[in-house]
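In: coords please:
(one chain, ligands or ions: 1)
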Amino acid sequence: LLACVSLFSILTPTANAAGAQDNPYGLIEPGELRVASLGDAKPYTFTDASGNFTGFDVEFFTDVAHRIGIKKVVFIGQDFAGILPSVANGRYDAGVAAIGITPAREKTVDFSSGYLAGYLTVLTRKDSGVSDVNSLAKHRLAVVQGTLQESYAMQHFTQTDLVRFPDNNAAISALNNGTVDADFLDYEAAKDYATRFNLIHAADIPSFDAPAGVAIAKGKPEFKAALNKAIQASMQDGTWKKLYEKWFPGSPMPKQYLPNAG
Ligand SMILES: NC(=O)CC[C@H](NC[C@@]1(O)OC[C@@H](O)[C@@H](O)[C@@H]1O)C(=O)O
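Out: Sure, this is the predicted structure:
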């Protein structure tokens with residue numbers, strides 16, 4: 001038995017020091033970042049007409065990846081509720097999709113420092129009877145499973161019928177066809193859908209205590225430190241500001257992400 005074991009250990013390549021140097025961030029495929037994201041959260045992250053992922057989060061993270069020396073970044077669409085579990089179990093190297101940092105989520109994954117802080121929006125039709133959060137009672141409100149909107153609504157909109165959907169597309173079509181009276185999603189995505197489908201904001205609720213961060217598996221301190229350093233650099237040299245103005249024109253800009261005055 002001893003002979004077999006030692007033979008096995010000789011034959012099995014171990015991750016030698018060089019291996020660790022080739023893949024310091026413990027990526028699935030050294031030199032490539034596999035990122036779970038969403039196709040329907042424009043302008044944070046979405047797929048354009050030719051099916052390519054783009055948007056603020058996508059361009060910001062791609063810049064961060066290049067700063068830590070990773071050239072190839074592959075974005076893969078995933079239902080929101082599946083992103084954190086899949087990142088935790090190593091199916092993706094990171095999750096990037098306006099994912100708010102919360103203590104509950106930090107039980108499953110680690111997060112980089114925050115890179116975006118904004119509002120949660122109740123979006124509705126003009127004829128729905130929902131004009132603000134107080135008129136949500138007895139109405140049907142769409143939420144995407146696993147989002148902060150779902151947990152916020154469960155806590156604060158207790159007289160409202162919550163209807164859960166896997167993604168924004170399904171929730172918005174339910175709003176447009178009258179299956180639900182309102183949809184609870186992120187501010188900038190709500191603004192984009194409002195323009196496309198002539199919908200209105202019934203409420204904008206600040207979510208500054210849960211800024212979006214990059215979700216990664218626990219136990220990767222080098223990866224996390226490298227991401228944080230690159231995020232900081234992107235803010236300090238004005239890249240963050242340029243991308244924010246490109247994707248969220250006219251929106252108030254959280255000053256903590258702007259180059260230090262000094
Ligand atoms: N892409 C999604 O559907 C994510 C929905 C939701 N996003 C909330 C948030 O991270 O959106 C970006 C910023 O406005 C954050 O302040 C906010 O908490 C969440 O994290 O659950």
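
In: gap between the residue most central in space within the chain and Tyr44?
Out: Nearest residue to the geometric centre of the chain (Cα atoms, centre = their mean): Ala97, 2.0 Å. Using Cβ to Cβ, to the nearest Å, Ala97 is found at 7 Å from Tyr44. (C-beta placed from N, C-alpha, C; glycine too.)

In: what sits in contact with each of those two?
Out: 38, 57 (Cβ atoms under 8 Å, 6 or more residues apart in numbering).

In: contacts only, for Thr197.
Out: Quick fix: residue 197 is Phe, not Thr. Counting by Cβ under 8 Å, 6+ apart, Phe197 touches 172, 175-176.

In: at 6 Å what do you get?
Out: Asn176 (Cβ atoms under 6 Å, 6 or more residues apart in numbering).

In: and it, how close does it get to Phe223?
Out: Remark: distance between Phe197 and Phe223 (Cβ to Cβ) = 39 Å.

In: equivalent analysis for Arg164, please.
Out: 32 Å.

In: torsion angles phi and psi at Met235?
Out: The phi and psi values for Met235, taken as degrees, to the nearest 10, are phi -80, psi -40.

In: got the contact list for it?
Out: Met235 sits next to Tyr257 when contact means Cβ under 6 Å, 6+ apart.

In: quick check, pLDDT for whichever residue of the stretch 101-250 of the chain sits closest to the ligand.
Out: Residue of the stretch 101-250 of the chain nearest the ligand, by Cβ to the nearest ligand atom: Gly118 (3.0 Å). In this model, Gly118 is scored at 97, pLDDT.

In: got the phi and psi for it?
Out: Per-residue torsions, Gly118: phi -160, psi -140 (degrees, to the nearest 10).

In: circling back: what about the residue nearest to the centre of the chain, which SS state?
Out: Following DSSP: H, G, I helix; E, B strand; the rest coil, the label given to Ala97 is coil.

In: ignoring the adjacent residues along the chain, who's closest to Met154?
Out: Leu162 (6.7 Å; Cβ to Cβ, 6 or more residues apart in numbering).

In: okay, now the one you found: neighbour count?
Out: By other Cβ atoms under 10 Å, the residues close to Leu162 number 16.

In: for the spatially closest residue to the residue of the stretch 101-250 of the chain closest to the ligand that is not a sequence neighbour, what are its contacts?
Out: Nearest residue to Gly118, sequence neighbours excluded (Cβ to Cβ, 6+ apart): Tyr187, at 5.0 Å. For Tyr187, the contact set (Cβ under 6 Å, 6+ apart) comprises 118-119, 121, 204.

In: residues contacting Ile70?
Out: Ile70 neighbours (Cβ under 6 Å, 6+ apart): Leu33.

In: how close does it get to the ligand?
Out: 23 Å (Cβ to the nearest ligand atom, to the nearest Å).

In: looking at the closest residue in space to Phe111 that isn't next to it in sequence now. What's its pLDDT?
Out: Once flanking residues are discounted, Phe111 sits nearest to Gly213: 3.6 Å by Cβ to Cβ, 6+ apart. pLDDT recorded at Gly213 is 98.

In: that's all I had, so thanks and see you.
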